[in-house]
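**Student:** have a look; sequence and predicted model below, questions after that.
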Amino acid sequence: MRAGSLNIRRAIHDTIPVMTGYVVLGIGFGILLSTKGYDALWAFATGIMIYSGTMQFVCIDMFTGGTGLLSAAGTALMVSARHVFYGISMSERWRNIHGLKKAYMIYALTDETYSLVCESDDEDYCFWVSLLDQSYWVTGGVIGALLGEVLPFDTRGIDFALTALFVSICVEQWLNSENHYPAIIGLTSSVLCLMIFGAGNFLIPAMIAITVMLFALRGKIDV
């Protein structure tokens, strides 16, 4: 069997847990989007061009509230700042990959995709994981938007689904890891920055604090 086929099969197998989460969350996003008057084409377009679950939920209020471009750009930076560090951490591993393929793989580094590709040096496997994960999210969003157009839904609390996913991922990583320094550093830095800077401005300072602490304690973390 060709290596490419093996990589696709492995990627499909490894992304099944991501698929279950992305499709369900995508459906929730699509339903919420449709209740604001936006159809499945908008769900498809945002899934392709924005591809950030958190930011897409935030964008729903931006669409309806007439948010300016500068404010939208600043919000996107704060919400998705962690993805910058994902790309930096993969720069050395992907140094021999070039062109649009590399650009797409960097663009597609969501939290769940990163957790899979950071464990592999195989270029094709990483590409297929990235492509499959995005296809799950886009599919879920389109399905949700179509359902929202024909079925009545009470959308109260549906936007909490993304928070629930992050909590479940954090708990799973805590249970499967013997070294809890990164989780403790992330939690402590975030809480302190939240208390100091407030809910609207804590994200970037928290990311900076986490990065500094991880570098400072990398000896203990690598043990």
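**Tutor:** Noted; the coordinates are in hand. Numbering: from 1, shown residues only.
**Student:** quick one: buried residues of the longest helix along the chain?
**Tutor:** Scanning the chain for the longest helix, with DSSP state H as the assignment, gives helix 123-150. By 16 or more other CB atoms under 10 Å, the buried positions in helix 123-150 come out as 123-134, 136-146, 148. Backbone N, C-alpha and C define where each C-beta goes, glycine included.
**Student:** now the residue most central in space within the chain: how far from Phe215?
**Tutor:** Centrality entry for the chain: nearest residue to the mean C-alpha point is Thr110, 3.4 Å, by CA atoms, centre = their mean. As defined by CB to CB, to the nearest Å, Thr110 lies at a distance of 24 Å from Phe215.
**Student:** and if you look at Ile196?
**Tutor:** Applying CB to CB to Ile196 and Phe215 gives a distance of 21 Å.
**Student:** so these two - more neighbours on which side?
**Tutor:** The neighbour comparison of Ile196 against Phe215 (other CB atoms under 10 Å) goes to Ile196, with 12 against 9.
**Student:** let me know the secondary structure of the more buried one.
**Tutor:** Recorded secondary structure, Ile196: helix (DSSP: H, G, I helix; E, B strand; the rest coil).
**Student:** who are the contact partners of it?
**Tutor:** 202, 205 (CB atoms under 8 Å, 6 or more residues apart in numbering).
**Student:** which pLDDT value belongs to it?
**Tutor:** At Ile196, the model reports a pLDDT of 91.
**Student:** follow-up on the earlier one: gap between the longest helix of the chain and the chain center?
**Tutor:** 12 Å (CA atoms, centre = their mean, to the nearest Å).
**Student:** which other residues reach stretch 65-75?
**Tutor:** By CB under 8 Å, 6+ apart, stretch 65-75 touches 55, 58-59, 61-62.
**Student:** packing partners for the strand or helix carrying Ile204?
**Tutor:** Take DSSP states H and E as the rule and Ile204 turns out to sit in helix 203-216. Packing partners of helix 203-216 (3 or more CB pairs under 8 Å, 6 or more residues apart in numbering; DSSP states H and E): helix 69-80, helix 82-90, helix 181-197.
**Student:** list the buried residues of the second one.
**Tutor:** Buried residues in helix 82-90, defined by neighbour count with 16+ other CB under 10 Å: 82-83, 86, 90.
**Student:** now those residues as JSON lines including distance to Gly99 and pLDDT?
**Tutor:** Converted to JSON lines, the buried residues of helix 82-90 look like this (distance: CB to CB, whole Å; pLDDT from 0 to 100):
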{"residue": "Arg82", "distance to Gly99": "25", "pLDDT": "75"}
{"residue": "His83", "distance to Gly99": "20", "pLDDT": "80"}
{"residue": "Tyr86", "distance to Gly99": "20", "pLDDT": "81"}
{"residue": "Met90", "distance to Gly99": "16", "pLDDT": "83"}
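**Student:** state the distance from Arg82 to Tyr104.
**Tutor:** From Arg82 to Tyr104 the distance is 19 Å (CB to CB).
**Student:** dump the helices and strands packed on helix 203-216 to TSV, plus distance to Asp14.
**Tutor:** Shown next, in TSV, are the helices and strands packed on helix 203-216 (distance: least, CB to CB, whole Å):
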stretch	distance to Asp14
helix 69-80	24
helix 82-90	17
helix 181-197	22
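**Student:** find the nearest non-adjacent residue to Ile12, please.
**Tutor:** Leu132 (6.6 Å; CB to CB, 6 or more residues apart in numbering).
**Student:** wait, isn't the one you found in contact with Asp14?
**Tutor:** No. Counting by CB atoms under 8 Å, Leu132 stays clear of Asp14, with 9.0 Å between them.
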